[in-house]
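**Student:** Attaching a predicted model along with its sequence, questions to come.
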Amino acid sequence: MNGPIDFKFTKDDVDEILTPACIRKKASFIYNSALEGSTFFKVNEDKYEDVADYVLKTIKENYPELEIPFHSRWGHFNSEKKNRIDSLSDKLAKYDPMEISRREIDLVILSVLLDAGAGDKWVYSDKETGEEINRSEGLAIASFDMFCRGTFSNTPELDPLRVDAEKLTKLNVEDLEKGFQVTKDNPLEGVEGRLNLVKSLGSTILKNKKFFNTPRPGAIVDYFHSIVHEGDLESSDILKTMLNALGSIWPGRINLGGKNLGDVWIYKPLVNATSIDCLVPFHKLSQWLSYSLIESLEKSGLKVMHIDQLTGLAEYRNGGLFVDLGAFELRDKSLEQKSYLPQEDLIIEWRALTIIGLDKVASLIRKKLKLSSLDFPLPKILEGGTWHAGRKVAKSLRPGGGPPIKIISDGTVF
């Protein structure tokens, strides 16, 4: 069912699907259905206190002074033995603030799009530090090293620290396999999916001059400066812009009015031939990308407002936290033994419950800390706690620390 559909819709319907408000609205509907007993999952709301305590303990271990950066790709580039961000900042210091912002966003857009489930067997070896790093951090550092080597630059020897759209369109599987150190004994899930996404990013930028006045991802900075009033930029406008600017890069899922909706799925219990009510949006990578742009955009002179408009991220670390701590529970335990594609109703439900669960746990944590959402916005709770807590509890329960529900990744969602 995930393909072009002929349901009735208006332009306003399509625009709404691209908003974080719609993500919460559809997620709330599924959450309430779970409370009524009509989903694959049972929600044990009495467990939220335990989840909040576990996350708060993790936050205080990671950031005892509560000085937490936003949840973003930047948090994955450093490792115990190497501060890569400081090293990159030193190299970029010769540029003006706008160009620093462009180059940082060149890196972060590409790195976010290359990040999806790596699988349990893949690791990245840093020859300089001797570290072996897996999962999202390993993918981040691999993409960082590729960027620094000039893998994505038209002129790698003269000007390596940039991403050129033309170069992206010419990348091949061997380029990614070399960069990610993929071998028969070190397999990475979804290499073809990642390559197609990156090539599609390149061709989209070349065609989309409204958002990219020069053919590189970082040119989106100039677009944001052109639309703001007195430097204030709404976080929801970052997401809307990224979805409109990059919507065509996603593999063929749901297309309405010529617009590729991206991380939006048909939820079968809501299918009705005359409406698009069955469409459930998450925009996980696009929201994570939006969070990841904030610091670089502010370096360029913009001020990002109302960050809590964006939602939590519906992915397996955050979702796994709730399952592993008993807040979400499959009604039929035998379903834990199967593997699922992203478009299956069970995964759509799990992701929707995660969106609402994150909001509820964030509220509990703020109450415990006596802080407002302005002082302690959601992306700080994601970065300081839920993502790390989800990984920690997964490692304690399963060899390799995989998710409690098995997902078949295509390299573009999780």
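**Tutor:** Sure thing, it's come through. Numbering: from 1, shown residues only.
**Student:** Which stretches in the stretch 151-300 of the chain count as strands?
**Tutor:** Applying DSSP state E, counting those that start in this stretch to the stretch 151-300 of the chain gives strands spanning 232-234, 255-256, 259-260, 264-266, 279-281.
**Student:** Show me what the fourth one packs onto, helices and strands only.
**Tutor:** Read it as strand 264-266. strand 279-281 (3 or more Cβ pairs under 8 Å, 6 or more residues apart in numbering; DSSP states H and E). (C-beta placed from N, C-alpha, C; glycine too.)
**Student:** what lines up beside the strand it packs on in the sheet?
**Tutor:** strand 264-266 (antiparallel) (DSSP bridges).
**Student:** Do I have it right that E131 meets S79?
**Tutor:** Yes: in this structure, E131 is within contact of S79 by Cβ atoms under 8 Å, at 5.6 Å.
**Student:** Check P399 and give its pLDDT.
**Tutor:** Looking at P399, its pLDDT is 88.
**Student:** So what does it look like in phi/psi?
**Tutor:** Backbone torsions of P399, given as degrees, to the nearest 10, read phi -60, psi 130.
**Student:** Enumerate every residue touching it.
**Tutor:** If a contact means Cβ atoms under 8 Å, 6 or more residues apart in numbering, then P399 has no contacts.
**Student:** D120 versus that one, what's the distance?
**Tutor:** 9 Å (Cβ to Cβ, to the nearest Å).
**Student:** Skip the chain neighbours and tell me the closest residue to G326.
**Tutor:** K47 (4.7 Å; Cβ to Cβ, 6 or more residues apart in numbering).
**Student:** what do you get for L369?
**Tutor:** Spatial nearest neighbour of L369, excluding adjacent residues (Cβ to Cβ, 6+ apart): F376 at 6.5 Å.
**Student:** Touching, that neighbour and K368? I think so.
**Tutor:** No: with contact defined as Cβ under 8 Å, F376 does not count as touching K368 (10.4 Å).
**Student:** neighbour count winner among the two?
**Tutor:** F376 (20 against 12; other Cβ atoms under 10 Å).
**Student:** Let me know the pLDDT of the more buried one.
**Tutor:** You'll see F376 listed with a pLDDT of 94.
**Student:** a helix runs through it, doesn't it?
**Tutor:** No: per DSSP: H, G, I helix; E, B strand; the rest coil, F376 lies outside any helix segment and is coil.
**Student:** Relative to E383, how far out is it?
**Tutor:** F376 sits 11 Å away from E383, going by Cβ to Cβ.
**Student:** now swap in F70 and tell me
**Tutor:** Taken as Cβ to Cβ, the span from F70 to E383 is 6 Å.
**Student:** Regarding S372, what are the backbone dihedral angles?
**Tutor:** Backbone torsions of S372, given as degrees, to the nearest 10, read phi -90, psi 170.
**Student:** For it, which non-adjacent residue is closest in space?
**Tutor:** Per Cβ to Cβ, 6+ apart, closest to S372 is R366, 6.8 Å.
**Student:** mind listing what the one you found touches?
**Tutor:** Listed by Cβ under 8 Å, 6+ apart, the contact set of R366 reads 372-373, 376.
**Student:** Just the closest of these to E36, please.
**Tutor:** Using Cβ to Cβ, S373 is the member of the contacts of R366 that lies nearest E36, at 28.3 Å.
**Student:** ok, the closest one - how many residues close by?
**Tutor:** So S373, with other Cβ under 10 Å, has 14 neighbours.
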